[in-house]
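Student: need coordinates for the below:
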Amino acid sequence: MDTERARSLYTDLGAVPVINAMGNLTMLGGSSPSPTVRAAMTEAGRYYVDMDQLLQGSGRVVADLLGCEAAMVTPGCAAALLLSTAACVAGDDPELMAQLPDTSGLKGEVVIQAPQQYKYERVVRMAGVRLVAAGSANSCTAEDLEASLGASTAAVLYPVLGGPQEGFLPLADVLAIAHDAGIPVIADAAYQVSPIEHFRQIATCGADLIGFGAKYFGAPNSSGLLCGRRDLVEAARDHTFAAFERRELPGYGRPMKIDRQEVVGVVTALREWLDPASQDERDEAASRRGRLLRDLLRDLAGTELSPPEGDHVTGLRLRLTEVGMDGPALADRLRRGDPAIWAYAEGDSISFGMHTVQNGDEPAIAAAVKQSLGRS
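Tutor: Numbers count the residues shown, from 1 in each chain. Sure thing, here's the model as predicted:
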């Protein structure tokens, strides 16, 4: 690839190109689909297709690949959550569908454990529901959750996030309590796609609707998956742009459009992602880049590298021990370069995720680090 031409594409549009060492972030464009995925998307452009039919058929393929009851390709995980909420509130009833976002007379509340509140709950509220926080900011007990459920509850929202699981009920407990009350659970599992066994476990975890971001497994940034209970996934499909156009259903999802090439890209990327050999190849490619970057930074005085040795280097941490600068300050300087370099930083360290770094960008990262530290 011609690096200068690629950079000029963004420069001409008034944007600074970025070397991404942070991972599959929406704000950085999500992902770089593999040659196999890009080729399949190009081939898909040869013909047009009935999108309603394509969403139904591709959903069957995805469900078979993940072992879940039903699935649907969506324009991102956020769209999966919004379509899920609309399905739980209005189902497939055309009159109720047309009423949204007015939930008068409908089940217009979605419950979330207060310690789990996060910015993406905003997506669920876009369906017109009121979010009810169970418990307090620091604690939610079974009694708190039970007390928050009632005749107006359309669903319970459960973010499946990393980090400490403290102060709130685990998913299994929430499923038991909600299902005892006859209330579905929507799980936001946006980036829970690795390892493969974990991905399949989450897709079949018992939540009624589970959203994933497809960018995390190598599909386009603007794509996602919705998995779960057949009747609710079908109701969500009735709310899509395709059902709005093809079947004249007044669903809530008309603005959330995905194209035929993206649908094909999602299925192709999923097949590739679920292949263990392909996963090994991705990890080894990232490790090669990590080893090269480590070699280029190894002799940088006043720093420590982790891991210091070994072949597995899909992530590289640079600890700044005696350079007169902390990690966030270095990260800020790297972001102000051209190309900009984005990396995670905390305390005395900066970390480079090598899965999203492109081959050949390792010397540019090393040079920028050294220049920023006055060691060039």
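
Student: now do the strands in the protein.
Tutor: Using DSSP state E, the strands found in the chain span residues 18-21, 70-74, 109-113, 130-134, 153-159, 185-188, 209-213, 224-228, 303-306, 315-320, 340-346, 349-353.

Student: could these go into a markdown table alongside distance to A368?
Tutor: Using the backbone N, CA and C atoms, a C-beta is placed for each residue, glycine as well. Below are the strands of the chain laid out as a markdown table (distance: least, CB to CB, whole Å):
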| stretch | distance to A368 |
| --- | --- |
| strand 18-21 | 8 |
| strand 70-74 | 37 |
| strand 109-113 | 41 |
| strand 130-134 | 42 |
| strand 153-159 | 35 |
| strand 185-188 | 35 |
| strand 209-213 | 29 |
| strand 224-228 | 33 |
| strand 303-306 | 14 |
| strand 315-320 | 12 |
| strand 340-346 | 5 |
| strand 349-353 | 11 |
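
Student: of those, which approaches I258 most closely?
Tutor: Nearest to I258 among the strands of the chain is strand 70-74 (6.5 Å), distances taken as CB to CB.

Student: same for the closest one, what does it pack against?
Tutor: Identification of packing neighbours for strand 70-74 by 3 or more CB pairs under 8 Å, 6 or more residues apart in numbering; DSSP states H and E yields helix 51-66, helix 77-90, strand 224-228, helix 230-238, helix 260-273.

Student: and the ones you listed: which comes nearest A340?
Tutor: Among the helices and strands packed on strand 70-74, helix 77-90 comes nearest to A340, with 25.2 Å by CB to CB.

Student: could I have the closest one exported to CSV, CA atoms only?
Tutor: Taking C-alpha atoms only, helix 77-90 is exported to CSV below (Å, rounded to 0.1, in the frame of the first residue of the first chain):
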residue,chain,number,x,y,z
CYS,A,77,-24.2,-2.8,18.6
ALA,A,78,-25.9,0.4,19.6
ALA,A,79,-28.5,-0.2,16.9
ALA,A,80,-28.9,-3.8,18.2
LEU,A,81,-29.7,-2.4,21.7
LEU,A,82,-32.2,0.2,20.3
LEU,A,83,-34.0,-2.4,18.1
SER,A,84,-34.1,-4.8,21.0
THR,A,85,-35.7,-2.1,23.2
ALA,A,86,-38.3,-1.4,20.5
ALA,A,87,-39.0,-5.1,20.1
CYS,A,88,-39.6,-5.5,23.9
VAL,A,89,-41.9,-2.4,24.1
ALA,A,90,-43.9,-2.8,20.9
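
Student: circling back to that earlier point, the helices and strands packed on strand 70-74: which one's closest to S31?
Tutor: Going by CB to CB, the one of the helices and strands packed on strand 70-74 nearest S31 is helix 260-273, 8.3 Å.

Student: re earlier: output the helices and strands packed on strand 70-74 as JSON lines; include the columns mean pLDDT, distance to K215 and mean neighbour count.
Tutor: Formatted as JSON lines, these follow (pLDDT from 0 to 100; distance: least, CB to CB, whole Å; neighbours: other CB atoms under 10 Å):
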{"stretch": "helix 51-66", "mean pLDDT": "98", "distance to K215": "15", "mean neighbour count": "18"}
{"stretch": "helix 77-90", "mean pLDDT": "98", "distance to K215": "9", "mean neighbour count": "28"}
{"stretch": "strand 224-228", "mean pLDDT": "98", "distance to K215": "8", "mean neighbour count": "29"}
{"stretch": "helix 230-238", "mean pLDDT": "98", "distance to K215": "20", "mean neighbour count": "22"}
{"stretch": "helix 260-273", "mean pLDDT": "98", "distance to K215": "9", "mean neighbour count": "23"}
